[in-house]
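Novice: build me a model from this:
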Amino acid sequence: MRFLFGTIIVLALVAVGTYTLGYWSLAQVTVSAWRAGTAPKTAPVTTSAAPGRVAQLDAKAGKAAATVGEFISDAELTAKIKSKMALDDSVRARTIDVSTTDGVVTLAGSVGSAAERVQAVRLARDTKGITRVVDHLKVLAN
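Specialist: Modelled structure (predicted):
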């Protein structure tokens with residue numbers, strides 16, 4: 001069962017990664033919009049304004065790439081931790097919520113024992129790129 005769950009998580013991560021990296025793009029939709037005449041019209045760029053416009057677009061693209069890079073790294077860290085937990089037989093990954101913001105991981109939910117709690121925190125802490133782990137896990141009484 002854990003193997004099946006781990007496999008599903010890995011496949012979902014691959015799908016999200018390929019979409020995020022642009023392998024599945026909306027280029028076909030854009031081409032269809034241009035053919036149908038529904039695409040937004042833009043003013044022509046004169047040759048004297050082109051260098052300034054290129055610099056503007058380059059700056060905007062740099063900001064967007066930095067934002068996406070931060071998002072991908074946080075999402076990637078969360079996915080790595082969830083995958084580690086799914087593959088570890090001593091941790092019930094379904095009962096633990098993992099969220100990452102700027103390298104800080106927050107673990108929330110419930111675990112069955114103190115040993116499971118320690119292992120979940122250890123898996124998160126041992127992940128490369130994590131700066132701090134915030135532990136909000138509750139140990140359920142048996």
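Novice: how about low-confidence regions in this protein?
Specialist: 1, 17-55, 57-58, 61-72, 142 (pLDDT under 70).
Novice: in it, which spans are strands?
Specialist: 96-101, 104-111, 132-139 (DSSP state E).
Novice: tell me what the second one is packed against?
Specialist: Strand 104-111 sits against helix 50-87, strand 96-101, helix 114-125, strand 132-139, with contacts defined as 3 or more C-beta pairs under 8 Å, 6 or more residues apart in numbering; DSSP states H and E. From N, CA and C alone the C-beta is placed, and that goes for glycine too.
Novice: who does it pair up with?
Specialist: strand 96-101 (antiparallel), strand 132-139 (parallel) (DSSP bridges).
Novice: circling back: could I get the strands of the chain as JSON lines with distance to Lys80 and mean neighbour count?
Specialist: As requested, those are exported to JSON lines (distance: least, C-beta to C-beta, whole Å; neighbours: other C-beta atoms under 10 Å):
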{"stretch": "strand 96-101", "distance to Lys80": "9", "mean neighbour count": "18"}
{"stretch": "strand 104-111", "distance to Lys80": "10", "mean neighbour count": "18"}
{"stretch": "strand 132-139", "distance to Lys80": "13", "mean neighbour count": "14"}
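Novice: Serialize those to JSON lines and add fields for distance to Phe5.
Specialist: JSON lines is the format used below for the strands of the chain (distance: least, C-beta to C-beta, whole Å):
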{"stretch": "strand 96-101", "distance to Phe5": "13"}
{"stretch": "strand 104-111", "distance to Phe5": "16"}
{"stretch": "strand 132-139", "distance to Phe5": "19"}
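Novice: quick one: closest of these to Asp88.
Specialist: strand 96-101 (10.9 Å; C-beta to C-beta).
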